[in-house]
Structure formats: structure tokens, C-alpha cells
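Visitor: model the following, please.
(one chain, ligands or ions: 1)
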Amino acid sequence: MSCGDLLDLNDCSVTEWTHLIKLADDIRLNPRDYMRRCEGKVLATLFYEPSTRTQMSFQAAMLRLGGQIIGFDNPVNSSVSKGETLMDTMRIVSNYADIIVVRHPQEGAARAASLYARCPVINAGDGGHLHPTQTLTDLVTLSTVKGKLTGLRIGVCGDLKFGRTVHSLLKAMSRFEGNRFYLISTPELAVPDYCKEILDHAGCPYEEVGALDECIGELDVLYMTRIQQERFATPEAYEKQRGVFVLTPEKLSRARKDLAVLHPLPRVDEIDLAIDDDPRALYFTQARLGMFGRMALILRMLEEDINIHSERNYHVHAADCSNPRCITHTEKYLPHNVCPDENGQEICLYCEEKC
Ligand code: NCD
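Guide: Residues are numbered from 1 along each chain as shown. Next up, the predicted model:
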């Protein structure tokens, strides 16, 4: 494992986030100063799951830093379709690239990949688990548009169960003083217990709310998400959840004038198109700012100027992981490693589910 993998944004300190945010800002304002900083370096994007923004913004980020890109956006076009393991793919690609960005449908896949890569790995989304660089995007956006990351009333709405962007965002924002969360979802799509435990551990207040109307007037930030259709066990289960939360102009009329409406995108039907012209609709700005955040991240990782504690103290566990969406169920050679969580309880090293 390389010591500088970015698997979970909380493996970096708040001071490190501040460096990244400042650097992203400087890159945005002075792009010419950074045009050649990654000359001679290669970034690989290995996307086992569909993507528009994350993949292209990583590629654009590397190209704008003067580096080169390789990779696949559909595993069907790679040796994965011939049965190659994640382990072998990582061993091979790390001969060609200086840094690897991986997105995968299984939870814990990025950590599994990092065990076999000989260069740094960035988690670009591992199933319904985490999405650290979307959160970096969100931090850059909030500090640009709100001027602070503290003392915010943040509503997160939609699929809080499978929405990995929400999990990473809650983990990150719970580290800042004075933030309060409104978790807006149906009971079926509530935030996983481990996220609530992180909020409790951080002393971060939150309320679970069943309707947008109950809290929209109080919010500084509303983070909308789509219902993650591809992660439901059956089409019927998805049908029951679709269209429950839709941000309409009528609902927005009850919100504060300085509300920031964010969304990691893609949008399906949860934000009415009529809202796009409202100055509070910041999701397209958010997508643009994400590219500068990713430029800052690539630069600091390649220049080894970054402090990331991605390693865990782990040991082998006899039983299989209980989470059916964990990478250990598809990549069978992976050792069943477990590590302690904040409360000392054993969790799967890869997907972080309790044993
Ligand atoms: C998100 C993702 O892939 O988790 N998209 C993104 O990276 N901006 C959100 C989603 O797919 O709903």
C-alpha cells in the first residue's frame, strides 16, 4: 500500500483541508501558474461504474496541470470483462500511472485496490460507502459561497442510505464547530447508523425529518440528492421511494434568501428545473469548483506534500463480512481484515460495517 492514498477525506486533518481549499482557490484565480506543474505525470481513471463529473473533472484537472491521462470508463472495454481481478488490474495499472482514481460499485473497493497499487489511489466513490472528492468539492464550494464551514444549518435530503456523498459530507462537516444537521428522508432511506454514531461522537446535533417543509425555512445549506436507483434490491423498492422529495419553487419561497442549494448531480427529478435560475441554485457552480479542488488534490498528492493517514491497524477475522455489498464478496482473495472504529468496536476494514 502506498502511504498517500485518499480513501476517506477524514484521513486528512482540517488543516490539510484548509490547505487544499486555499490552493483550489489560487488555482482558480491564477490557472496559468499551474499549467505545467504535473508535466510528465500520468493519472489513470479506472471507472467500474458510470460517471460524468467525477471522471471528467479528474481528467480535466490533470490536463490543466500539464499531465496526461489514461484509463477506462467502462470495465467491459478492459480485461475485467475477461475475469481479471481488481488486484491484478491495480498491479498492472500502477506500472503505467503515477496516481490512480478508482470508482467501483462495491463498498470498500478503493481500500482493496490500494492494497495492491504501487502508486497513490484516490477513491472516486465505492458503492454506497464514501465519495471523498465530492466532499472536497462541497467544502471548496461552501467556503467559497458561504465564506465559512462552521455554524451552518445543513439539510441533507433524499437517499441518505445509499448516497455516499452524504456519508462523506456528514463525516467531514461534523468536524467543524457549530454545524447542525437536518436529515430529511423516508424511514427506509435514513442515514446509516455508523454515520449517526460519527455525529454523536463529534457532539454534532441532528434531527431526522420527514418533509422538506418542516425545516426549509431554517437552513443555510440544502444538499439535495437523487434516489440511488441502481442500489435497490428490487425495482418495486425503488418505485416506492421515487419522487418523494422534490424541491419546487413553492417550497423554495419559504427558504432564506441566502440559502445555498447544492447537489452532487446527476439530478433526476428532485429539483424542479424552474429553480435553476434562482441565485440560490449553486449546483452547477459546485461542479465547476470541484475541478479546482481535484487539481489541488492531485498536485499535493503527486508532490507528496500532503499528510494523509489512510492506514489502519487491522487483523484478520475468521468470519465473512456481513455486508452483502462489500467488495470482499466479489474479490474472494481479499483477506477478511477488521479494524476498530472510534468506539473500539470491530468493523470491516473495507466497507466499515460492524462485524
Ligand atoms: C454522485 C455519485 O456518484 O455518488 N455523483 C457524483 O459523483 N457527482 C451522486 C449520484 O450519483 O447520485
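Visitor: break down the stretch 151-300 of the chain into its helices, ranges please.
Guide: 164-173, 193-202, 235-241, 249-252, 283-302 (DSSP state H, counting those that start in this stretch).
Visitor: who does H315 bridge with?
Guide: V338 (DSSP bridges).
Visitor: pull the number of nearby residues for it.
Guide: By the criterion of other C-beta atoms under 10 Å, H315 has 12 neighbours. Bear in mind the C-beta positions are built from the backbone N, C-alpha and C, glycine included.
Visitor: mind listing what it touches?
Guide: N337, V338, C339 (C-beta atoms under 8 Å, 6 or more residues apart in numbering).
Visitor: for L349, see how far away it is.
Guide: Using C-beta to C-beta, to the nearest Å, H315 is found at 9 Å from L349.
Visitor: near the ligand, which residues of the stretch 101-250 of the chain show up?
Guide: G125, H131, Q134, R164, T165, T225, R226 (C-beta under 6 Å from any ligand atom).
Visitor: re earlier: relative to Y34, which of the helices of the stretch 151-300 of the chain is closest?
Guide: Closest of these to Y34 is helix 283-302, at 6.7 Å (criterion: C-beta to C-beta).
Visitor: is that closest one up against the ligand anywhere?
Guide: No - using C-beta under 6 Å from any ligand atom, helix 283-302 stays clear of the ligand, coming no nearer than 7.4 Å.
Visitor: show me what counts as buried in that helix.
Guide: 283, 286-287, 289-302 (16 or more other C-beta atoms under 10 Å).
Visitor: swap in stretch 201-214?
Guide: Quick answer for stretch 201-214 (16+ other C-beta under 10 Å): A202, C204, Y206, V209, L212.
Visitor: likewise for stretch 211-227?
Guide: L212, C215, I216, L219, D220, V221, L222, Y223, M224, T225, R226, I227.
Visitor: reformat the residues you listed as TSV; add pLDDT and distance to Y333.
Guide: Shown next, in TSV, are those (pLDDT from 0 to 100; distance: C-beta to C-beta, whole Å):
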residue	pLDDT	distance to Y333
L212	97	45
C215	98	47
I216	98	49
L219	98	46
D220	98	47
V221	98	42
L222	98	43
Y223	98	37
M224	98	39
T225	98	34
R226	97	34
I227	97	34
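Visitor: farthest pair within these?
Guide: So, these by C-beta to C-beta: farthest apart are D220 and I227, at 24.3 Å.
Visitor: who touches both of H315 and L349?
Guide: Common neighbours of H315 and L349 (C-beta under 8 Å, 6+ apart) are N337, V338, C339.
Visitor: possible to save those as a markdown table with distance to E107?
Guide: As requested, the shared contacts of H315 and L349 are arranged in a markdown table below (distance: C-beta to C-beta, whole Å):
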| residue | distance to E107 |
| --- | --- |
| N337 | 14 |
| V338 | 15 |
| C339 | 15 |
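Visitor: list buried members of these by neighbour count.
Guide: Buried by 16+ other C-beta under 10 Å: N337, V338, C339, out of the shared contacts of H315 and L349.
Visitor: the last one and the ligand: what is the separation?
Guide: Applying C-beta to the nearest ligand atom, to the nearest Å, the value for C339 to the ligand is 24 Å.
Visitor: got JSON lines for the shared contacts of H315 and L349, with pLDDT too?
Guide: JSON lines is the format used below for the shared contacts of H315 and L349 (pLDDT from 0 to 100):
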{"residue": "N337", "pLDDT": "96"}
{"residue": "V338", "pLDDT": "96"}
{"residue": "C339", "pLDDT": "96"}
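Visitor: which of those lies closest to A237?
Guide: Nearest to A237, judged by C-beta to C-beta, of those is V338 at 29.5 Å.
Visitor: you'd agree the closest one is up against C351?
Guide: No - V338 lies out of contact with C351 (C-beta atoms under 8 Å); the separation is 10.9 Å.
Visitor: quick one: low-confidence parts of this structure?
Guide: 1-3 (pLDDT under 70).
Visitor: would you point out which residue is most central in it?
Guide: In the chain, the C-alpha nearest the mean C-alpha coordinate belongs to H131, at 1.6 Å (C-alpha atoms, centre = their mean).
Visitor: which residues touch that one?
Guide: H131 neighbours (C-beta under 8 Å, 6+ apart): T54, N123, A124, G125, R164, T165, H167, S168, P264.
Visitor: run the last query once more with 6 Å
Guide: G125, R164, T165, S168 (C-beta atoms under 6 Å, 6 or more residues apart in numbering).
Visitor: between the residues you listed, which sits nearest L252?
Guide: For the contacts of H131, the nearest to L252 is T165 (21.1 Å; C-beta to C-beta).
Visitor: that closest one reaches Q134, doesn't it?
Guide: Yes - T165 is within contact range of Q134, at 4.5 Å (criterion: C-beta atoms under 6 Å).
Visitor: quick check: neighbours shared by those two?
Guide: What both T165 and Q134 touch, as defined by C-beta under 6 Å, 6+ apart, is the set P264.
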